[in-house]
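got a predicted model here, sequence first, then my questions.
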Amino acid sequence: MPQQTDYSYRPWLDADAEPFIKLRGISKKFDEFTAVDNVDLDIYKGELFSLLGGSGCGKTTLLRMLAGFETPSSGTIYIDGVDMTEVPPYARPINMMFQSYALFPHMTVEQNVAYGLKRDKIPKDEIKRRVEEILSMVELSDFVKRKPHQLSGGQRQRVALARALVKQPKVLLLDEPLGALDKRLREQTQFELINIQDQLGVTFVVVTHDQEEAMTLSTRMAMMDAGKFQQIGEPTEVYEYPESRLVANFIGSANMFEGRVTQSDVGHVVVTSKELDVEFYTNHPMSIIEGTKVWVAVRPEKITLSKTSLDASTNQLKGVVVDIGYHGKTSTYRIRINNDQIIEVSVPSQKRPRGERHSIDWDEEIYLNWDQSSAVVLMK
Amino acid sequence: MTVANNTNHSVGQAGSRLLSRLVDMLQSHWKVLVVGIPFIWLLLFFLAPFIIVIKISLAESLIASPPYTPLYERAEDGVLTIRVIFENYSYLWEDDLYINSYINSLKIASVSTVLCLLIGYPMAYGITRSSPTTKNILLMLIILPFWTSFLLRVYAWMGLLADQGTINSLLIWLGVIDEPIRMLYSELAVYIGIVYSYLPFMILPLYANMEKLNMSLNEAAADLGAKPTIAFLTVTLPLTVPGIIAGSLLVFIPATGEFVIPDLLGGGNVLMIGRILSDEFNSNSDWPIASAVAIVLLIVLVLPMMLYQRIQARERQNS
C-alpha cells in the first residue's frame, strides 16, 4: 500500500511547495568586506527558521536585508512572490524585533504597540482593540501605562514582540530575541515564542549565535560562516549529521579523529588512523574513494566508558582520565588518548555515586566505545 | 638629654598625628570639600556682587565717588538712617526707551535662537550620523572659532559687512550690484553676528543629546511603517527636546544681554538693553539706573527658567 506523505508540517521536503521567502544570489559588500556571499535560501510559510553563526558570519546582515535596512549589492529577495529587493522598510509586510528591543523611550507600552497601527491609518477603536488583544496575549495588560524604563528586561522583550506582531506581518524577524535575558527566563521565553508562533502562524526568521536556542526554536536552521551557508536543515539533521567539521564543532561539540579511508562498502566506511593504530567502522550512505583523508566525528554523549576492554576490534580507544566536570545532570570526562589528544565524554548521572565521588576517577585507565551508527564521517 | 629626646619624640608624634588626622578629615569630608570650594567661590564672586548691585539700584545718583548715596547713614546723635528708594525701577517703566530696548533685546534674542536652532539642528544631526573620523573633524571645526578672540571675530564681521567691506567689494566687482548694500550698523548685521557667535552653543548640546540616541529607534519606526519625515517627527524630534531646550537657553540668555555685537555691528541703530546699560554706566555715570536695568534684565531671564524647571520637576514626579 503506497504511503501518503503529509508535507504540511515539513513543506521543505515537498518539491512542489512554493517558498514564502526566496533569496536568489544575494550578496552584500561593505567596501572591500563581503558580509554575505552569493547565497540562495528558501523559507516556507509558517516556519520558524534560524540563522545561526558566530559574530561577523553575515547572519545579521542577511536579516537586515530582509527588513530593508540594507540593500543587497546583488541578488533578489522575494516575499510571498513579490520582489522586495528595492522596497523601503516602511513599505514591507515585515516587522522586526530588535536585539536592543528599540522601544521608544518617550512612549508608554500602549503607545509603543499602537505606533505601527497608527502609521497604517487604522481607525482608533480598532487600534485600541488590537493593542489590548496583543498585550493580553503577552500578559502585559497591567502595564499599558508604563514607560519602557519602568519595565524589567523580560517585560521589555514582550513589549517589543507585541509591537512587532500587532501589525500582523507576513514575516517576523527576530534579532537575538533572547540574548538580553537571563538563563531561566530565556528557557521559559523560548517556549512562549514557539507557542505564539504556532498560534499566529506567522513566519519567523530568527538570528542567533546560541546553538541551543536555535535547536529548541527552529523548524529548520541554517548555519552560516564567512557569508555563506555551511548547512541548512532540521535541528536533528544538522546535529546528528553535520556535513563539515565546522558545523560539527559549532553546533554542539564533537571529538574528531583524522584518518584515511581504507575500505568503503555500501552503507559503511572504514577509516584507519595510523597515529592511533585503530580502525573506525562507521555507517555512511555513500562510498568514498580509498585513501581519501577524512575525519570521524563523535559527539561526547555518544561515547560509553568502561573499565574493561569490550574486545571490540573497531571504535575502541584507550585513555586516561585527566579531568572530571560534574554538572549535576551530566558529568563531562576529559580523557587523554595515546596521541595526547583530549577526548570529551559526556555521561548522564543516572545513578548516585556511592562511597566514592565518581564511579570513574582521575588518572584511571579507561576504554572508550561507540556504536557504528553514532559517528559521522566528514570530508571537509 | 632624656628630656630633650622625649620632647623631640613627642613633637614628631604630634606632627604625624596631626597629619594623619588631616588625612582622616580629608577622607571623611572630601565630599564637603569638593562641593564647598565652588560653592564659596560662587558666593564670593556671584552672590556678593549681585547684592552690591541690588544695593546700588536702591540708591540715588550723586556726583561724587562713589556716584550714589549710601544705603545707611549714622547721624551724629547716633540715629541710624536707612535710605531705600525705588524710583530707579519706576523710572524704567516710565521711559519708553528702556521698555523698548528690553522688548527689542528679547525679540532679537528669540529670533537669533530660532535661527541658530534651524541652522544648528541639521548640522548636529549630520555630525552624529557621520563616521567617527569625520565626526571628530567636524566637531573640531565647530570648536575652532573659540581659538580666536570673540572680539576679533566680531571686528572681522565689521570688515566683511562694511560699505567698502569684502562682501560689497566682491559683489560690485562681480557686477551684481552698482552701489554697496548697507549691511553694517543694521539689525541684519546684529543677527548675523549673534547667530554666528552663538551657533556652537546650540550645536554642542544638541550633538551631545543626539549622540545618545539609539540609531535603531529610527529603524524601528521605519520598520513599523513610518516614512522618514514621520519617523523624524514622532521619534527623533521628541527625543531631542532636552537638547533643543539646553541649546536654546545657552543662546537665548547671553544673546539677550549681548553688548559687544549690537554695539559694534548695530551701531546706534539697534536698541538692545546691553548697550543701554553700558551707556548709563559709562556715559551718564548713573550707576543706580544701570544697576536697576541689570536687576530687571536678570529677573526677565531667570523667571522663565525657573518656571521651566518647575514644570520639568513636576513632569518627573508624574512619571
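Thanks, I have it. Remember, predicted model here, so these are calculated numbers, not experimental data.

contact residues of the stretch 151-300 of chain B facing chain A?
By C-beta under 8 Å from any C-beta of the partner chain, the residues of the stretch 151-300 of chain B that approach chain A are B:214, B:216-217, B:219-227, B:230-231, B:234-235, B:238-239. (Glycine included, C-beta is placed from N, CA and C.)

can you rerun that using 6 Å?
Proximity of the stretch 151-300 of chain B to chain A is confined to B:216, B:217, B:219, B:220, B:222, B:223, B:224, B:225, B:226, B:227, B:238, B:239 under the rule C-beta under 6 Å from any C-beta of the partner chain.

buried ones in the helix or strand hosting the second one?
This points to residue B:217. Here residue B:217, judged by DSSP states H and E, is contained in helix B:215-223. For helix B:215-223, a neighbour-count test (16 or more other C-beta atoms under 10 Å in any protein chain shown) marks B:216, B:217, B:218, B:219, B:220, B:221, B:222, B:223 as buried.

can you check stretch A:42-59 too?
Buried-residue list, stretch A:42-59, by 16+ other C-beta under 10 Å: A:42-53, A:57-59.

count of residues packed around residue 156?
If you meant another chain, say so; for now it's chain A. Using other C-beta atoms under 10 Å in any protein chain shown, residue A:156 has 21 other residues around it.

switch to chain B, please.
The local packing of residue B:156 (other C-beta under 10 Å) involves 13 other residues.

show me what the helix or strand that contains it is packed against.
For residue B:156, the element it lies in under DSSP H and E is helix B:150-161. In terms of contacts (3 or more C-beta pairs under 6 Å, 6 or more residues apart in numbering or on different chains; DSSP states H and E), helix B:150-161 is packed against helix B:187-211.

relative to helix B:150-161, how tilted is the helix it packs on?
Comparing the axes of helix B:187-211 and helix B:150-161 via axes from the mean of the first three to the mean of the last three C-alpha atoms, to 10 degrees yields an angle of 130 degrees.

ok, and what's touching helix B:187-211?
Residues outside helix B:187-211 that contact it (C-beta atoms under 6 Å, 6 or more residues apart in numbering or on different chains) are B:112, B:115-116, B:120, B:123-124, B:127-128, B:142, B:154, B:157, B:161, B:183, B:240, B:242-243, B:246-247, B:250-251, B:255, B:261-262, B:265-266, B:270.

so which bits of it are buried?
B:187-207, B:209-210.

hmm, back to that, in JSON lines, list the buried residues of helix B:215-223 along with distance to residue A:223.
Below are the buried residues of helix B:215-223 laid out as JSON lines (distance: C-beta to C-beta, whole Å):
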{"residue": "B:216", "distance to residue A:223": "26"}
{"residue": "B:217", "distance to residue A:223": "31"}
{"residue": "B:218", "distance to residue A:223": "31"}
{"residue": "B:219", "distance to residue A:223": "26"}
{"residue": "B:220", "distance to residue A:223": "28"}
{"residue": "B:221", "distance to residue A:223": "32"}
{"residue": "B:222", "distance to residue A:223": "30"}
{"residue": "B:223", "distance to residue A:223": "26"}
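
what lies in contact with the helix holding residue B:217?
A:69, A:89, A:90, A:95, A:96, A:98, A:100, A:102, B:231, B:235.

does any part of stretch A:168-185 sit near chain B?
No: under the criterion of C-beta under 6 Å from any C-beta, stretch A:168-185 makes no contact with chain B; the nearest approach is 8.6 Å.

pLDDT of that stretch, averaged?
Per-region confidence: stretch A:168-185 scores 86 on mean pLDDT.

what's the offset of that stretch from the middle of its chain?
13 Å (C-alpha atoms, centre = their mean, to the nearest Å).

report how many residues lie close to residue A:95.
Counted by other C-beta under 10 Å, the residues lying close to residue A:95 total 26.

and it, what helix or strand is that in?
Using DSSP H and E, residue A:95 falls in strand A:94-97.

and the helices in the stretch 151-300 of chain A?
Secondary structure of the stretch 151-300 of chain A by DSSP state H, counting those that start in this stretch: the helices cover A:153-165, A:183-200, A:211-217, A:235-240, A:245-250.

what sits up against the last one?
Applying C-beta under 6 Å, 6+ apart, the external contacts of helix A:245-250 come out as A:223, A:225, A:230, A:231, A:242, A:254, A:295, A:297, A:378.

residue numbers of the stretch 1-150 of chain A in contact with chain B?
A:69, A:89-90, A:95-96, A:98, A:100, A:102, A:106, A:115-116, A:119-120.

for residue B:241, phi and psi?
Dihedral angles of residue B:241 (phi, psi; degrees, to the nearest 10) stand at phi -60, psi -40.

number of nearby residues for it?
Residues lying near residue B:241 (other C-beta under 10 Å) number 11.

what's the mean pLDDT across the strand holding residue A:95?
93.

return the distance of the very next helix or strand once past it from the chain's centre.
Using DSSP H and E, the helix or strand that directly follows strand A:94-97 along the chain is helix A:109-119. Between the centre of helix A:109-119 and the centre of its chain there are 31 Å (C-alpha atoms, centre = their mean).

what of stretch A:237-256?
Using C-alpha atoms, centre = their mean, the offset of stretch A:237-256 from its chain centre is 12 Å.

stretch B:29-38 now?
For stretch B:29-38, the distance to the chain centre is 26 Å (C-alpha atoms, centre = their mean).

stretch B:276-285 too?
Using C-alpha atoms, centre = their mean, the offset of stretch B:276-285 from its chain centre is 21 Å.

what about residue A:108, how many residues nearby?
Neighbour tally, residue A:108, other C-beta under 10 Å: 18.

let me fix that: residue B:33
Residue B:33 is flanked by 10 other residues according to other C-beta under 10 Å.

leaving out chain neighbours, which residue sits closest to it?
Nearest residue to residue B:33 in three dimensions, chain neighbours excluded: residue B:26, at 7.2 Å (C-beta to C-beta, 6 or more residues apart in numbering or on different chains).

one more: residue B:222?
residue A:89 (4.4 Å).

is it correct that the one you found is in contact with residue A:68?
Yes: when contacts are counted by C-beta atoms under 6 Å, residue A:89 is listed as touching residue A:68 (3.5 Å).

pLDDT on the helix or strand hosting residue B:112, on average?
Under the criterion of DSSP H and E, residue B:112 resides in helix B:96-129. Averaged over helix B:96-129, pLDDT sits at 95.

list the buried residues for that helix?
In helix B:96-129, counting by 16+ other C-beta under 10 Å, buried: B:98, B:101-102, B:104-106, B:108-109, B:112-113, B:115-117, B:120-121, B:123-125, B:127-128.

any idea how many residues pack against the residue lying closest to residue B:74 once chain neighbours are set aside?
Using C-beta to C-beta, 6+ apart and skipping the chain neighbours, the partner closest in space to residue B:74 is residue B:80 (5.6 Å). Burial of residue B:80, expressed as a neighbour count using other C-beta under 10 Å, amounts to 8.

got the domain boundaries for chain B?
B:2-57, B:95-285 (automatic domain parsing).

list the contacts for the residue nearest the centre of chain A?
Nearest residue to the geometric centre of chain A (C-alpha atoms, centre = their mean): residue A:214, 2.9 Å. With contact taken as C-beta under 6 Å, 6+ apart, residue A:214 is in contact with A:50, A:52, A:208, A:221.

show me the strands in the stretch 1-150 of chain A, by range?
A:21-30, A:33-43, A:48-52, A:74-79, A:82-83, A:94-97 (DSSP state E, counting those that start in this stretch).

out of those, which is closest to residue A:258?
Residue A:258 sits nearest to strand A:48-52 of all those, at 25.8 Å, using C-beta to C-beta.

what does the closest one contact?
Residues contacting strand A:48-52 (C-beta under 6 Å, 6+ apart): A:43, A:59, A:197, A:204-208, A:214, A:217-223.

what does stretch A:336-351 give?
Taking C-beta under 6 Å, 6+ apart as the rule, stretch A:336-351 contacts A:255, A:275-276, A:300-301, A:303, A:305, A:317, A:319-320, A:322, A:329-335.

residue B:229 in helix, strand or coil?
Three-state call for residue B:229 (DSSP: H, G, I helix; E, B strand; the rest coil): helix.

no further questions, thank you.
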